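Colleague: 3D, please:
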Amino acid sequence: TALLVGWIVLMVASLVMIVGWHTKVATVLVFVMIMSFERRNPWIFNSGDGLIRILSLYLALSPCGAALSLDQRRRLGSLWSAQDIKVWPLRLMQVQVSIIYLTTVIAKLRGDTWQHGSAVSFILRLDDMLILRAPGWITTSPLICNAVTWGTLLIEFSVGVFVWNKRWRTKILLAGVFLHLTIMVTMVVGFFSLAIFVLYLSFVPWERCKAVAEDVRGWLGASARRVCAAPAGEADGSDTASVPPQ
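Modeller: Residues are numbered from 1 along each chain as shown. Coordinates of the predicted model:
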């Protein structure tokens with residue numbers, strides 16, 4: 001009974017958090033319930049679940065309902081309004097990106113398979129974790145496996161370090177997106193890649209976020225007007241539009 005109640009609370013709080021209604025309470029509940037479930041049996045969860053737990057904590061610490069939320073509509077009467085906020089919760093998410101990638105690279109370089117360039121070959125032959133099986137000529141080619149192995153380390157190191165350089169940021173994040181999309185379609189990694197993409201969004205400039213929101217708002221408004229506008233002649237049941245007298 002406790003598990004069922006906890007699961008319902010987690011699902012309702014997650015949905016409420018998405019639409020931004022009483023966001024602070026919702027985010028705290030999401031963090032507490034995720035922590036509660038993961039602490040019951042830590043051995044069945046993976047790094048993706050751990051990253052979601054960290055993200056839920058950052059959201060609980062941040063004013064994440066300060067824009068595009070029902071809370072803003074309740075305060076100011078407009079869903080599309082936003083507030084000026086302290087930047088440190090966003091910095092926590094950005095620093096987390098560097099921590100994840102740099103610690104990952106350090107941990108991988110401590111093992112022999114990554115140093116020898118054969119790690120990807122082993123990974124692509126783990127039948128119980130694969131979604132799409134790679135052709136044999138890839139998994140057995142020393143040249144390809146070395147290139148992919150060291151390419152993975154290079155991308156991860158670059159995201160961890162060069163993402164702070166505005167000149168390189170977009171290119172580096174696109175490389176990270178390509179890496180994680182490749183992982184998603186080939187291996188069962190849970191929520192890790194999706195959670196990483198959420199962290200990537202913390203590097204999008206607020207000007208770009210505002211422009212995207214305004215574009216979406218305009219598109220929704222235009223779509224609503226097209227749906228609500230009745231074609232000429234439809235109101236009186238005639239087949240032709242009425243012509244005003246000359």
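
Colleague: residue 33 sits in which helix or strand?
Modeller: helix 23-40 (DSSP states H and E).

Colleague: not counting its own residues, what contacts that helix?
Modeller: 6, 9-10, 13-14, 16-17, 45, 49-50, 52-53, 56-57, 59-60, 63-65, 69, 71 (CB atoms under 8 Å, 6 or more residues apart in numbering). Where C-beta positions appear, they are placed from N, C-alpha and C, glycine not excepted.

Colleague: 6 Å - rerun?
Modeller: Applying CB atoms under 6 Å, 6 or more residues apart in numbering, the set of residues contacting helix 23-40 from outside is 6, 9-10, 13-14, 16-17, 45, 53, 56-57, 59-60, 64-65, 71.

Colleague: likewise for stretch 194-208?
Modeller: Taking CB under 6 Å, 6+ apart as the rule, stretch 194-208 contacts 51-52, 55, 90, 93-94, 97, 173, 180.

Colleague: and the end-to-end length of it?
Modeller: 21 Å (CA to CA, to the nearest Å).

Colleague: closest one of the contacts of stretch 194-208 to residue 155?
Modeller: residue 180 (9.6 Å; CB to CB).

Colleague: please look at the closest one and residue 191 and confirm they touch.
Modeller: No. If you go by CB atoms under 6 Å, residue 180 and residue 191 don't touch, sitting 11.4 Å apart.

Colleague: can you give me the strands for the chain?
Modeller: With DSSP state E as the definition, the chain shows no strands.

Colleague: so where's it uncertain?
Modeller: Scanning the chain for pLDDT under 70 picks out 230-246.

Colleague: what residue is smack in the middle of it?
Modeller: residue 198 (2.7 Å; CA atoms, centre = their mean).

Colleague: tell me how far that one lies from residue 59.
Modeller: Distance from residue 198 to residue 59, counting by CB to CB, to the nearest Å: 10 Å.
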